[in-house]
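> Based on what follows, work out the 3D shape:
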Amino acid sequence: MSGDFPKNAEEARLDRDVTREELTETLEALGQKLDVKTRVRENVDDKLDQATAKVAEVTNEPTAVRFRQGADAVRAHPLPVFAGVLGLLIAIRLILRRRNS
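Okay, the predicted model is just below:
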């Protein structure tokens with residue numbers, strides 16, 4: 001299309017369809033950029049893949065597989081892990097207080 005006003009109904013329909021497709025593509029691209037949750041999840045997956053590869057380099061493959069399984073378990077159930085770490089920190093703090101007094 002030349003960018004001018006369509007001369008007939010068929011040209012108008014084609015112009016409308018092209019514009020609709022371009023708008024759809026633009027909205028999909030914006031939707032992907034604004035989907036922060038998915039982008040963060042993909043970024044975490046990439047970082048876990050890198051960490052798993054490093055663990056495999058330093059140790060052996062079964063250890064790397066167990067590392068990845070543990071990381072996936074933490075991602076699937078973060079609340080129990082957080083509660084456990086918090087409980088451990090509180091216990092350490094209480095032990096250190098008793099030693100100092």
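
> For the residue positioned nearest the centre of the chain, give me its contacts.
Among the residues of the chain, the one closest to the centroid is residue 41, at 1.3 Å (CA atoms, centre = their mean). By CB atoms under 8 Å, 6 or more residues apart in numbering, the contact list for residue 41 is empty. Backbone N, C-alpha and C define where each C-beta goes, glycine included.

> all helices of the chain, in order?
Counting by DSSP state H, residue ranges of the helices within the chain are 9-34, 36-58, 61-76, 78-100.

> If you count contacts, what does the first one end up packed against?
Put plainly, it is helix 9-34. In terms of contacts (3 or more CB pairs under 8 Å, 6 or more residues apart in numbering; DSSP states H and E), helix 9-34 is packed against helix 36-58.

> and the helix it packs on, how far out from the chain's middle?
Centre-to-centre, helix 36-58 and its host chain are 9 Å apart (CA atoms, centre = their mean, to the nearest Å).

> And for stretch 58-69?
How far stretch 58-69 lies from its chain's middle: 22 Å, per CA atoms, centre = their mean.

> Any buried residues in it, and which?
For stretch 58-69, the neighbour count (16 or more other CB atoms under 10 Å) marks 64, 67, 68 as buried.

> hang on, the earlier thing: with mean pLDDT as extra columns, can I get the helices of the chain in JSON lines?
Shown next, in JSON lines, are the helices of the chain (pLDDT from 0 to 100):
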{"stretch": "helix 9-34", "mean pLDDT": "90"}
{"stretch": "helix 36-58", "mean pLDDT": "90"}
{"stretch": "helix 61-76", "mean pLDDT": "89"}
{"stretch": "helix 78-100", "mean pLDDT": "92"}
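
> sorry, back to before: how near is the residue nearest to the centre of the chain to residue 76?
As judged by CB to CB, to the nearest Å, residue 41 and residue 76 stand 12 Å apart.

> what number of residues lie near residue 100?
Residue 100 sits with 6 neighbouring residues when counted by other CB atoms under 10 Å.
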